[in-house]
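1. structure for this input, please:
(one chain, ligands or ions: 1)
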Amino acid sequence: MNFIESYISNPTILKLQGAIQHYAWGGKSFIPELLHRDNATAEPFAEYWLGAHPKSPAIIKANEESIGLNMLFTAAPQLLGAAVINNFGPALPYLFKILDAREMLSIQAHPSKQQAREGFTRENARGIPLDAPNRNYKDNNHKPEVHVALTDFYMLHGFRPLAEIETMLNGIPEFAPLLPEFAGNDLKNLYRVIMTMPQRQVDDLLNPLLARLEPLFAQGKLTPDAPDYWAVQASRSFPLSEGHRDRGLFSIYLLNLVHLQPGQGTFQAAGVPHAYLRGVNVELMANSDNVLRGGLTPKYIDAQELLKTLSFAAGKPEILNGDKVSATETVYKTPARDFELSKIHLTNNERWSAPALHGPDILIALEGQAIISAAQNQMEISRGVACFAPAGLDYHINSTTGVVLFRATVPLNNKE
Ligand SMILES: [Zn+2]
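-> Numbering: from 1, shown residues only. Now for the predicted structure:
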């Protein structure tokens, strides 16, 4: 009997080895330290994926075998639970990550389910290969995201309140030519103009701004709580290519600049423009690759498709501090049905028990030590260790000295 067959007859907790993504923007110490890995060559460790994405699944080490978590679900979809299969099909509906941004990521938004379905069908019909650089829709799914900061974290999230945008446009002399485009607080028009204006006009607006800001930055007069600081950072991270400026710089002024403390997070619903600027977080999203970009990237930008997708609702972003659902668990609630993120914090000799009904769970320990037990099986976990619990498995976590874990699951009862 091979590992999968014997596991199906006696499912329990499995240790997972996640997949490291070495994207160039990644930090060089947080993820290697978390995983107790040497990084003498200072490689960027951008993301640590804990999921069943066929491109980079988490790996189960069993005896001599290495099995992708996706293969486990292919062989035994029942480990996902009937509710998950009925709602999402026979695949893990989420992707769980640790992410470390040393340099800023692109400004982006994700489509709704309907937009993704239509876009995927349309691009298939046009014969655009899935891996083509101008392909927007890699699959037919939406990609809501929730994340919680593990360090000081800076990001852009949603359009600023209209009054703030007006004050900003009035306060930056280089942006004066844009003011008429915002007449009547027409944010959509302003953004459309910015995203579709000829590159020469972008350069003409941004060059004098950066010429004014660069010396202030060099003198240490700009701080990360001001958009000017990130405009200079962006111009360094995305240097002039053929003498041109990245039009994503405008969005640094149009979107809310959010500074999260560890333990705080946000939810990115469909259409909400956002960008991670700097910091480490734990992130949980629907199982999709659909990203529409709006700058701060050398990658393909489809301004028309982005404009169709974006939400122009302006206002202050909601900061998630998490809701304590028990003495030991804090849930970061969102409207997403595909996933739920929570933090389990046990101090001396505390115990957490999985609810009777739960989806497929993935956990990662960030601090301390604990024992996870299910039936006769026990597993010791400590910082950096991740594990998987199939849907409905009766399992418990005990810690004598304290532990902090993040848990990804699929909410089964509390959402329609
Ligand atoms: Zn995103």
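2. could you use CA atoms for every contact and neighbour count after this?
-> Will do.
3. any idea which helix or strand carries residue 114?
-> Using DSSP states H and E, residue 114 sits within helix 113-125.
4. scratch that, residue 202 is what I was asking about
-> helix 199-218.
5. got the CA positions of that helix in CSV?
-> Extracted in CSV, the C-alpha atoms of helix 199-218 (Å, rounded to 0.1, in the frame of the first residue of the first chain):
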residue,chain,number,x,y,z
GLN,A,199,3.9,58.7,-22.2
ARG,A,200,5.5,62.1,-23.0
GLN,A,201,2.8,63.8,-21.0
VAL,A,202,3.5,61.4,-18.1
ASP,A,203,7.2,62.3,-18.2
ASP,A,204,6.4,66.0,-18.4
LEU,A,205,4.3,65.9,-15.3
LEU,A,206,6.6,63.5,-13.2
ASN,A,207,10.1,64.8,-14.1
PRO,A,208,9.7,68.2,-12.4
LEU,A,209,8.1,66.5,-9.4
LEU,A,210,10.9,64.1,-8.9
ALA,A,211,13.5,66.8,-9.6
ARG,A,212,12.0,68.6,-6.6
LEU,A,213,11.6,65.6,-4.4
GLU,A,214,15.0,63.8,-4.9
PRO,A,215,17.0,66.4,-2.9
LEU,A,216,14.5,66.3,-0.1
PHE,A,217,14.7,62.5,0.0
ALA,A,218,18.5,62.7,0.0
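6. which strands or helices does it pack on?
-> The contact analysis (3 or more C-alpha pairs under 8 Å, 6 or more residues apart in numbering; DSSP states H and E) places helix 199-218 against helix 227-237.
7. next up, phi/psi of the residue nearest to residue 182 when sequence neighbours are not counted, please.
-> Excluding the flanking residues, the one nearest residue 182 by C-alpha to C-alpha, 6 or more residues apart in numbering is residue 190, at 5.3 Å. Dihedral pair for residue 190: phi -60, psi -50, per degrees, to the nearest 10.
8. number of residues surrounding residue 190?
-> By the measure other C-alpha atoms under 10 Å, the count of residues near residue 190 is 17.
9. tell me who's in contact with it.
-> 178, 181-182 (C-alpha atoms under 8 Å, 6 or more residues apart in numbering).
10. what sits up against the helix or strand residue 5 falls within?
-> Assessed by DSSP H and E, residue 5 sits inside helix 3-9. If you take C-alpha under 8 Å, 6+ apart as the criterion, helix 3-9 is touched by 62-63, 72, 75-76.
11. so where's the stretch 301-416 of the chain uncertain?
-> Low-confidence segments of the stretch 301-416 of the chain, defined by pLDDT under 70, span residues 413-416.
12. hey, where'd the strands end up in it?
-> Applying DSSP state E, counting those that start in this stretch to the stretch 301-416 of the chain gives strands spanning 323-324, 329-332, 340-346, 350-353, 361-374, 377-382, 386-389, 396-399, 403-409.
13. packing partners for the first one?
-> Contact here means 3+ C-alpha pairs under 8 Å, 6+ apart; on that basis strand 323-324 packs against strand 329-332.
14. which ones are touching residue 245?
-> Neighbouring residues of residue 245 by C-alpha under 8 Å, 6+ apart: 199, 202-203, 206-207, 235, 239.
15. quick check: it vs residue 178, distance?
-> Distance of residue 245 to residue 178, given as C-alpha to C-alpha, to the nearest Å: 17 Å.
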